[in-house]
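# show me how the following folds:
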Amino acid sequence: MTQERQNLIVANWKMNGAFEMANSLLEEVLNGTRQFKSPSIVICPPFVYLQHVAQLIESNSSVSLGAQNCSEHSAGAYTGEVSSNMLKDVGCQYVICGHSERRQYNGETDEDVAQKAISIIDRQLTPIVCVGETLNERQSGKTDLVIERQIDSILEHCEKQLVDRITIAYEPIWAIGTGRSATPEQAQEVHHLIRNRIATLSQSAADGCRILYGGSVTGENAAEVLGQIDVDGCLVGGASLKAAQFIEICRAAQR
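Coordinates of the predicted model:
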């Protein structure tokens, strides 16, 4: 990572949490990272705990609130959905979109993800757009094709001047929740591909874009992954629910 791009560590709690759990976990994380000048940290709890987490982190300027998903629509008869307007209203600054679990279990397409990213940007929030390939796609030599298709869908829908407001998260699907992680070299290869693809639209946006790695990130492997020149942080799943692990990842991300 360059000095211009500061590391970002994002905690994706997925469908886990309770008020008591949020209280204890965040108290330990905030205390454990208080002395760190960097990285910036984003906490993404389930929707029902957003406002509670917002209150817990409000006095810490290095920690921001994020959501795990949103609708591409701003309002209307969409039962069960939450808009980016609503997320901004409760204090969110970031929104994850296109996570592989959303693509797999909820049938979200590249088009859906692009529309969500635009909606998030329109509300002055930062989308964390997830891309990644399956194990079969990697073994078939299709990683580049899959990643380029997913990135191109965003670029096609996003005006040039807005591209630098997007954060990308590369999450190899075969490494999510499996205990397997891409090697630092594999992560760097795909991150470099992503940056070059963005550069086809805007070199300045490519230079400034933060590209995170996600996929079984732990305190043990974070330093090596974060040491790669095109890796600008991590999207952390399971390890974000373990304070000691998450603190170690944040420690490895200090600049």
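# so how far is Val95 from the residue lying farthest from the centre of the chain?
Within the chain, Ala77 marks the point farthest from the mean C-alpha position, 28.1 Å out by Cα atoms, centre = their mean. Distance of Ala77 to Val95, computed by Cβ to Cβ, to the nearest Å: 22 Å. Quick note: C-beta positions are derived from backbone N, CA and C, even for glycine.
# please apply the same query to Gln68.
8 Å.
# which of those two has more residues huddled nearby?
Taking neighbours as other Cβ atoms under 10 Å, Gln68 and Val95 compare with Val95 leading, 28 against 21.
# quick check: neighbours shared by Gln68 and Val95?
Counting by Cβ atoms under 8 Å, 6 or more residues apart in numbering, Gln68 and Val95 have no common neighbour.
# now the helices for this structure?
Assigned by DSSP state H, the chain shows helices spanning 19-33, 50-57, 84-89, 100-106, 110-122, 135-139, 143-157, 184-199, 203-208, 222-226, 243-252.
# give the buried residues for the fourth one.
When you say that, I think you mean helix 100-106. Within helix 100-106, the residues that count as buried by 16 or more other Cβ atoms under 10 Å are 100-103.
# and that helix, average pLDDT?
Looking at helix 100-106 alone, the average pLDDT works out to 96.
# and it, how far out from the chain's middle?
Relative to its chain's centre, helix 100-106 lies at 15 Å (Cα atoms, centre = their mean, to the nearest Å).
# and the first one, by the same measure?
On the basis of Cα atoms, centre = their mean, the separation between the geometric centre of helix 19-33 and that of its chain is 20 Å.
# got it, and the third one?
Here the centre of mass of C-alpha atoms in helix 84-89, compared against the chain's by Cα atoms, centre = their mean, lies 18 Å away.
# check contacts around Val90.
Listed by Cβ under 8 Å, 6+ apart, the contact set of Val90 reads 50-51, 54, 65.
# how close does it get to Trp174?
Applying Cβ to Cβ to Val90 and Trp174 gives a distance of 34 Å.
# swap in Thr126?
Distance from Thr126 to Trp174, by Cβ to Cβ: 27 Å.
# give the contact list for Ile118.
72, 157-158, 162.
# kindly report the same for Asn16.
46, 241.
# excluding chain neighbours, give the residue nearest to Gln150 in space.
In space, and not counting its chain neighbours, Gln150 is closest to Val131: 4.1 Å by Cβ to Cβ, 6 or more residues apart in numbering.
# surely that neighbour touches Cys97?
No. In this structure, Val131 is not within contact of Cys97 by Cβ atoms under 8 Å, at 10.7 Å.
# for Asp89, give me its contacts.
No contacts exist for Asp89 under Cβ under 8 Å, 6+ apart.
# please renumber the chain so that the first residue is 15 from this point on.
From this message on, residue numbering opens at 15, which makes the last subject Asp103.
# tell me the confidence at it?
97.
# and the gap between it and Ser154?
Separation of Asp103 from Ser154 (Cβ to Cβ): 44 Å.
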